[in-house]
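1. only geometry, no sequence info:
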């Protein structure tokens with residue numbers, strides 16, 4: 001089991017957003033979390049990604065009790081074992097595609113030569129081997145998202161979390177990015193959890209979990 005969350009609760013003031021959520025992900029699964037706006041899915045994803053702390057419950061990722069970690073250990077775990085892809089690409093505009101992918105590895109203490117070699121491999125995996133030296137402003141929205149996916153994979157994470165990763169893309173580019181998540185699983189054995197409103201993306205995942213008012217209502 002890569003992710004095991006039990007009885008996760010989270011409130012903001014008097015608003016209870018998550019109401020005792022249980023959620024598990026097996027190694028190598030691609031899982032979609034769906035639901036209307038305000039259902040709690042992005043809050044759950046932030047908790048699973050260690051960006052937000054639940055009010056109560058337990059969370060184990062890749063065999064580590066996340067809620068027992070101190071701030072420094074949690075930051076190191078996040079850098080090494082968790083990858084993130086967001087709707088907005090969050091690429092650093094002054095750096096090239098290769099440099100954007102290299103940076104997380106350098107932060108993790110990897111030598112520059114091996115980090116650059118790994119960045120080139122990942123950019124080739126996402127189909128951007130000819131765009132290594134291009135900065136984000138020189139790339140299309142779909143290409144920027146491909147760089148973001150390569151960057152998220154840089155430190156060989158135990159799990160990749162994606163929050164509405166194709167929300168800003170046209171229909172053809174969406175389909176290409178959807179397929180890319182499956183390619184990443186096939187070639188790297190990557191575990192992926194995706195929050196999405198896109199029914200087409202959810203359909204190609206191994207399973208879909210539907211949130212309603214802070215809890216899961218069903219799986220598909």
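-> Arrived safely, thanks for sending. Remember, it's a predicted structure, so these values are computed and weren't measured experimentally.

2. and the longest helix along the chain, what does it pack against?
-> In the chain, with assignment by DSSP state H, the single longest helix is helix 171-188. Other elements packing on helix 171-188 under the criterion 3 or more Cβ pairs under 8 Å, 6 or more residues apart in numbering; DSSP states H and E are strand 30-35, helix 112-125, helix 141-152, strand 191-195, helix 199-204. No exception for glycine: its C-beta is placed from N, CA and C like everyone else's.

3. leaving out sequence neighbours, find the closest residue to the most centrally placed residue in the chain.
-> Nearest to the mean C-alpha position of the chain, by Cα atoms, centre = their mean, lies residue 161 at 1.8 Å. Spatial nearest neighbour of residue 161, excluding adjacent residues (Cβ to Cβ, 6 or more residues apart in numbering): residue 49 at 4.7 Å.

4. in this structure the one you found contacts residue 85, no?
-> No - the pair residue 49 / residue 85 is not scored as a contact, 10.7 Å apart, by Cβ atoms under 8 Å.

5. overlap in contacts, these two.
-> Taking Cβ atoms under 8 Å, 6 or more residues apart in numbering as the criterion, residue 49 and residue 85 both touch residue 161.

6. which one's more surrounded, those two?
-> residue 85 (24 against 19; other Cβ atoms under 10 Å).

7. just tell me which of the helices and strands packed on helix 171-188 ends up closest to residue 211.
-> Closest to residue 211 of the helices and strands packed on helix 171-188 is strand 30-35 (Cβ to Cβ; 3.5 Å).

8. helices or strands next to the closest one in the packing?
-> Looks like strand 30-35 contacts helix 41-48, helix 171-188, strand 191-195, helix 199-204, strand 207-212 (3+ Cβ pairs under 8 Å, 6+ apart).
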